[in-house]
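Colleague: Just to be clear, the model below is a prediction. Sequence and coordinates:
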Amino acid sequence: MTGPTLWCVIPAAGRGVRAGGDLPKQYQLLAGRSMIEHTLERLAVHPRIGGLLVTLAADDRYWPGLRSVRGKPVLSAIGGAQRSASVLAGLEALPATVGDEDFVLVHDAARPCVRLDDIGRLIERAASGDGGLLGAPLRDTLKQADAGGCVERTEPRESRWRAFTPQMFRRGALTAALREADRQGVAISDEAMAMELAGFSPLLVEGAEDNIKVTTAADFALAEFLLARTSS
Ligand code: CTP
Ligand code: MG
């Protein structure tokens, strides 16, 4: 696959409260290696990814200080209290060689099972417009719950997607969109949401459902299983 290489920002400044454990989830071991090392490896293997920028908690004691993975440079910066602040800090810390019009990827440290061919398809398809994201159409029936935990109604499933990462946007546009959302006090859950608020329509690129975000303690065993089976 040819084309310019892209930088990827990896937010890794979270505490992993829902996962529990003695250390933040991105440092817990999966098949003998920390989750974040698996994630960085998956990204670095892709020929279109040229550099990795990790954002870390200010008091992070576990980051192994990697300077390169598979020959690709690894930089680090301090993240923020919300994921969106961590992504913005990463965008601001990218090298000056990354222009405002250049595309950058953002990928959660907590998604170590991302597939190489999904990264490639996102880069190919989203670069022809203003960017996009990996996701998958909803498969299950969707229920709106009431305060008592009973079904209030059934929501239509058609045209509804789950949003994954990586997400890919132009450095300048995404930085501006995240800053503006912050200025307005809007809580932003992914990059696409910031871009939507700025008037863009990010392209949804269907990816494998096994690109899970390791969130609870039960997800670690699933991630280990998937890592052994999803190398491409
Ligand atoms: N993240 C971040 N900065 C934050 C919060 C989250 O960089 N202030 C990162 C996490 O490290 C993770 C990704 O964003 O790689 C996705 O967030 P999530 O899965 O919610 O991780 P945590 O916030 O660590 O987990 P929890 O919400 O359970 O505490
Ligand atoms: Mg979180």
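Modeller: Yes, it's here. Ligands and ions are numbered 1, 2, ... in the order given.
Colleague: Where does residue 133 sit, in terms of helix or strand?
Modeller: strand 132-137 (DSSP states H and E).
Colleague: Now stretch 160-176 - C-alpha only, PDB.
Modeller: In PDB, the C-alpha atoms belonging to stretch 160-176 read as follows (Å, rounded to 0.1, in the frame of the first residue of the first chain):
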ATOM      1  CA  ARG A 160     -27.000   3.000  13.700                       C
ATOM      2  CA  TRP A 161     -23.300   2.200  14.200                       C
ATOM      3  CA  ARG A 162     -20.900   1.600  17.000                       C
ATOM      4  CA  ALA A 163     -17.800   3.800  16.700                       C
ATOM      5  CA  PHE A 164     -14.400   2.300  17.100                       C
ATOM      6  CA  THR A 165     -10.800   3.600  16.600                       C
ATOM      7  CA  PRO A 166      -8.700   4.300  14.700                       C
ATOM      8  CA  GLN A 167     -10.300   7.500  13.600                       C
ATOM      9  CA  MET A 168      -8.500   9.600  11.000                       C
ATOM     10  CA  PHE A 169      -8.800  13.300  10.400                       C
ATOM     11  CA  ARG A 170      -6.600  16.300   9.200                       C
ATOM     12  CA  ARG A 171      -4.400  17.500  12.000                       C
ATOM     13  CA  GLY A 172      -5.500  21.200  11.800                       C
ATOM     14  CA  ALA A 173      -9.300  20.500  11.500                       C
ATOM     15  CA  LEU A 174      -9.300  18.000  14.300                       C
ATOM     16  CA  THR A 175      -7.300  20.300  16.600                       C
ATOM     17  CA  ALA A 176      -9.600  23.200  15.900                       C
END
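Colleague: Would you mind measuring from the residue sitting furthest away from the middle of the chain to ligand 1?
Modeller: Relative to the C-alpha centroid of the chain, counting by CA atoms, centre = their mean, residue 148 is the outermost residue, at 33.3 Å. Distance of residue 148 to ligand 1, given as CB to the nearest ligand atom, to the nearest Å: 26 Å. Glycine gets a C-beta too; all of them are placed from N, C-alpha and C.
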